[in-house]
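Participant: One predicted model, sequence on top.
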Amino acid sequence: MLKRFIPDVYQENIFTINYKKLKKTGIKCLLFDLDNTISPAKEVVLYEETKKLFNKLKKGFKIILFSNNFPKRVSLFGDYYDVDIACLSLKPFSYKYKYILGKYNFKKNEVAAIGDQLLTDIQGGNKIGITTILVNPMTEIDETETWLNRQIEKKIFKKFEEKNILIKGKYYD
């Protein structure tokens, strides 16, 4: 049961991910979660460093902001970073993942999902069979709906640590 929450890659943040390695494995599309992955939740913080990263990544990948949040919020970031968006994604359900695969004509082994939550980002990506990358949340402040997920996530992390499967702060790619 816990297998569905194990990411393929675990890194500190979006800047420590080995994108060259992902490219070598055939990844062509990166689905970035928004809240607490590229910007603090509940805030509109547009980082120049993230813009530079995305501009660099766009030379070799399709970049899509893949968020459960509403279009009004997600489009602000999509416009600033000049990337496509997929809002109201309803992660971990697979509908929007399938939609993206079809719309952009990607195979499952060509897509990676990057996010800060085991219950939404990682479970959703694993469920559909794409590469999953967990990063630490940018802040401890979350949307109200995320609070319960974080409580469940703490218990999952505890079980993972007991079994030496996934330990917070012990990164791998």
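Facilitator: Structure's in. What do you need?

Participant: buried sites along the worst-scoring helix or strand of the chain on mean pLDDT?
Facilitator: Using mean pLDDT, DSSP states H and E, the weakest-scoring helix or strand in the chain turns out to be helix 146-162, at a mean of 89. Going by neighbour count (16 or more other CB atoms under 10 Å), the buried part of helix 146-162 is T146, E153, I156, F157, F160. From N, CA and C alone the C-beta is placed, and that goes for glycine too.

Participant: ok, Q11 - how many residues close by?
Facilitator: 18 (other CB atoms under 10 Å).

Participant: and the gap between it and E110?
Facilitator: Going from Q11 to E110 by CB to CB, to the nearest Å gives 20 Å.

Participant: now V74
Facilitator: Taken as CB to CB, the span from V74 to E110 is 23 Å.

Participant: where exactly do the helices run in this structure?
Facilitator: Taking DSSP state H to define them, one finds helices in the chain at 19-24, 48-57, 71-81, 95-104, 123-128, 146-162.

Participant: Mean neighbour count, these: which tops it?
Facilitator: Of all the helices of the chain, helix 123-128 has the most neighbours on average by mean count of other CB atoms under 10 Å, namely a mean of 22.

Participant: Just the C-alpha atoms of that helix, please, in PDB.
Facilitator: Written as PDB, here are the backbone C-alpha positions of helix 123-128 (Å, rounded to 0.1, in the frame of the first residue of the first chain):
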ATOM      1  CA  GLN A 123       0.700   9.300  -5.600                       C
ATOM      2  CA  GLY A 124      -0.900  10.800  -8.700                       C
ATOM      3  CA  GLY A 125       2.200  10.400 -10.800                       C
ATOM      4  CA  ASN A 126       2.800   6.900  -9.600                       C
ATOM      5  CA  LYS A 127      -0.800   6.000 -10.200                       C
ATOM      6  CA  ILE A 128      -0.500   6.900 -13.900                       C
END
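
Participant: Which residue is the nearest non-sequential neighbour of K28?
Facilitator: Excluding its sequence neighbours, the residue lying closest to K28 (CB to CB, 6 or more residues apart in numbering) is E110, at 4.3 Å.

Participant: Please apply the same query to L22.
Facilitator: A112 (5.9 Å).
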